[in-house]
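> Sequence first, predicted coordinates after that:
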Protein chains: 2
Amino acid sequence: MEKQFHQYQNPAVAIDLVVFGYTQKQLSVLLLNRKDAPYKNGWTLPGAFVQMDETFQDVCLRILNSKLGLSNLFLEQLYSFDRLDRDPRGRVISVSYYSLINPELFTLTAGTMANDVAWFGVDELPALGFDHSAILSTAIKRLKTKILYDPVGFELLDEEFTMTELHELYECILDSSIDRRNFRRKILDSNYIIATGKRREGLKNRHPELYCFNKDLKQNNFHLNITLS
Amino acid sequence: MEKQFHQYQNPAVAIDLVVFGYTQKQLSVLLLNRKDAPYKNGWTLPGAFVQMDETFQDVCLRILNSKLGLSNLFLEQLYSFDRLDRDPRGRVISVSYYSLINPELFTLTAGTMANDVAWFGVDELPALGFDHSAILSTAIKRLKTKILYDPVGFELLDEEFTMTELHELYECILDSSIDRRNFRRKILDSNYIIATGKRREGLKNRHPELYCFNKDLKQNNFHLNITLS
DNA sequence: TTACTTTGTGTCAGAATAACGCAAAGTAAA
DNA sequence: TTTACTTTGCGTTATTCTGACACAAAGTAA
């Protein structure tokens, strides 16, 4: 150990999570109402400090565990934030991750740190503590570009979904309208989404076809090149 | 200040830099020969610890300053690395950045921490200390995708360059051959690169046209969609 | 002068794409 | 069941984009 490890104090390192969900045709984010200062009773992204013996992934799972009944979910590093004054308590560097889940598969429970935990539509966000608005913007921007070249959207849907549901998801995230028929063709041409042969129950006669993510497909070009309008 | 800031020790945070250069038709990386343990006399990426009052950018410039006569250069955050055992001295989180420079515009000088500093072609790399091979792979992968949709390649060339030089740069970074005539068409169609009207001196008669980056152009789609072979 | 390489520009067939038509299936209400 | 309407699945077509390649003028080296 050299001087860095003792002589100087190190910045604290936190993980902040942007958990995306999709319900009622709306992209939502999981926020947490803080029980303690700073930003007491204010909304922030869920987060936690990185302890000496924890990897980023450890911390992510710890956060998710204390706020959700978690499962194996999509998790990707987003960006690291470093503004000196981003935390009023002192120097805290934030390494942010984002996650995609289907909210209907989980039940929310506020952990010990929070008064409440809730989904907010990305268009109806409250003011956020720390620099979490900047983190969230970065996450939304990343998601918008990511779904165009990487098949990650399915993480937000049921395992089986209709083409219309997938289409609405893309229109919602990209915040623009996409021609229904061209979208279908591009999605199916990619071979990443395949028909299950099944149709959803609960309607009168026949029902729209169900599709699912093609797990067998590893190496392929998924580049939607979607025309927005 | 709550318990995080005193009761627990925080991981150290370091910045590691991948400085790319391009000379003799080869993509190179700046490496540093360490004077002290760990990895004494071994090669690593240049790096430094983040002090309490420094932003990431501050640290990047500090590193570059002590190793190069630096100017305003392209600098972008790459990824944050967190393996518990990535530094034998103890827990160190690394936030990596990468930078693109034209090596001919700078002169290297080894700082106090290093025996030597040198350029290595990305195909002739020595073994690297810490997890720096992983950082470097991440940087190369990022660069390969980035030049396809963002006009950053010019950072590696002179302000004025021939179409052939740009073409060779792309073939070198992407490690594949690109049809010369289709490349030219796509580059010029993008309007990001324009002819200067000038021709390079020093040859017998007439010389190939010079081009430069179009600074006036802010919002445009630069998507090369290059066919590799 | 000759033989060769480099550079600038064009052509063209085939692929990809945006825009849009249409009919069958599903739904809701009388 | 009939009627009016919406949703879903599948085509068609004109246009643009792209890859592959030809060719000649300019530059270079003997």
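Received the coordinates, thanks.
> Thought A:Val59 was touching A:Gln77, still the case?
No - using C-beta atoms under 8 Å, A:Gln77 makes no contact with A:Val59, being 11.7 Å away. Placement of C-beta: from N, CA and C, glycine included.
> So for these two, which sits in the more crowded spot?
A:Val59 (23 against 17; other C-beta atoms under 10 Å in any protein chain shown).
> which residues touch A:Asp175?
For A:Asp175, the contact set (C-beta atoms under 8 Å, 6 or more residues apart in numbering or on different chains) comprises A:Lys144.
> Need the overlap of contacts for A:Gln77 and A:Val59.
Counting by C-beta under 8 Å, 6+ apart, nothing touches both A:Gln77 and A:Val59.
> got the contact list for A:Trp43?
Residues near A:Trp43 by C-beta under 8 Å, 6+ apart: A:31-34, A:120, A:126-129.
> Looking at these, which is nearest DNA strand D?
Nearest to DNA strand D out of these is A:Phe120 (C-beta to the nearest atom of the strand; 26.7 Å).
> For that closest one, grab the count of nearby residues.
Neighbour number of A:Phe120 under other C-beta under 10 Å is 17.
> That one and DNA strand C: what is the separation?
Separation of A:Phe120 from DNA strand C (C-beta to the nearest atom of the strand, to the nearest Å) stands at 30 Å.
> now swap in A:Val92 and tell me
From A:Val92 across to DNA strand C, the span is 44 Å (C-beta to the nearest atom of the strand).
> Also A:Glu104?
According to C-beta to the nearest atom of the strand, A:Glu104 and DNA strand C sit 21 Å apart.
> That residue contacts A:Thr23, doesn't it?
Yes - with contact defined as C-beta under 8 Å, A:Glu104 reaches A:Thr23; the gap is 6.7 Å.
> how would you label A:Phe183: helix, strand or coil?
helix (DSSP: H, G, I helix; E, B strand; the rest coil).
> for A:Asp123, what are its contacts?
Taking C-beta under 8 Å, 6+ apart, we find A:Asp123 in contact with A:Gln26.
> do that again at 7 Å, thanks
Counting by C-beta atoms under 7 Å, 6 or more residues apart in numbering or on different chains, A:Asp123 makes contact with nothing.
> again with the one 3 residues further on
Counting by C-beta under 7 Å, 6+ apart, A:Pro126 touches A:43, A:120.
> could you point out which element follows whichever strand or helix holds A:Ser133?
Using DSSP states H and E, A:Ser133 sits in helix A:132-149. The C-terminal neighbour of helix A:132-149 among helices and strands, as given by DSSP H and E, is strand A:161-162.
> tell me the mean pLDDT over that following strand?
For strand A:161-162, the mean pLDDT works out to 94.
> Can you tell me the strand partners of it and which way each runs?
In the sheet, strand A:161-162 lines up against strand A:209-213 (antiparallel) (DSSP bridges).
> Now A:Thr164: closest residue in space, sequence neighbours ignored.
For A:Thr164, ignoring the flanking residues on the chain, the nearest one in space by C-beta to C-beta, 6 or more residues apart in numbering or on different chains is A:Pro208 at 6.4 Å.
> I'd assumed A:Arg34 was in contact with A:Lys40.
Yes - with contacts counted by C-beta atoms under 7 Å, A:Lys40 reaches A:Arg34, the gap being 5.8 Å.
> so where's the longest strand in chain A?
Longest strand in chain A, counting residues (DSSP state E): strand A:12-23.
> That one near chain B anywhere?
Yes - using C-beta under 7 Å from any C-beta of the partner chain, strand A:12-23 reaches chain B at A:12-13.
> so where do the strands sit in chain A?
Under the criterion DSSP E, chain A contains strands at A:12-23, A:26-34, A:43-44, A:47-49, A:74-81, A:92-100, A:114-121, A:161-162, A:193-199, A:209-213.
> Check the burial of the residue nearest to A:Met52 when sequence neighbours are not counted by counting its neighbours.
Counting by C-beta to C-beta, 6+ apart, B:Arg91 is the residue found nearest to A:Met52 once chain neighbours are left out, at 5.2 Å. When neighbours are counted by other C-beta under 10 Å, B:Arg91 registers 23.
> pull the CA atoms of stretch A:45-54 into CSV?
What follows is stretch A:45-54, C-alpha atoms only, in CSV (Å, rounded to 0.1, in the frame of the first residue of the first chain):
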residue,chain,number,x,y,z
LEU,A,45,-32.9,7.1,-8.1
PRO,A,46,-32.2,4.1,-6.0
GLY,A,47,-28.5,3.8,-5.0
ALA,A,48,-26.0,2.6,-2.5
PHE,A,49,-22.3,3.1,-1.7
VAL,A,50,-19.8,0.7,-2.9
GLN,A,51,-18.1,-1.1,0.0
MET,A,52,-14.5,-2.2,-0.1
ASP,A,53,-15.3,-5.8,-1.0
GLU,A,54,-18.1,-5.3,-3.5
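> how far out from the middle of the chain is it?
Remark: stretch A:45-54 is offset 18 Å from the chain centroid, using C-alpha atoms, centre = their mean, to the nearest Å.
> Ok, stretch A:191-211 next?
The answer for stretch A:191-211 is 26 Å, by C-alpha atoms, centre = their mean.
> Any buried residues in it, and which?
A:192-193, A:210-211 (16 or more other C-beta atoms under 10 Å in any protein chain shown).
> Could you report the distance from the spatially closest residue to A:Thr107 that is not a sequence neighbour to A:Ile101?
Spatial nearest neighbour of A:Thr107, chain neighbours left out: A:Gly69 (5.9 Å); criterion: C-beta to C-beta, 6+ apart. Remark: distance between A:Gly69 and A:Ile101 (C-beta to C-beta, to the nearest Å) = 11 Å.
> From DNA strand D, how far out is the residue nearest to A:Glu76 when sequence neighbours are not counted?
Of all residues not flanking A:Glu76 in the chain, A:Tyr98 sits nearest, at 6.1 Å (C-beta to C-beta, 6+ apart). Counting by C-beta to the nearest atom of the strand, the gap from A:Tyr98 to DNA strand D is 29 Å.
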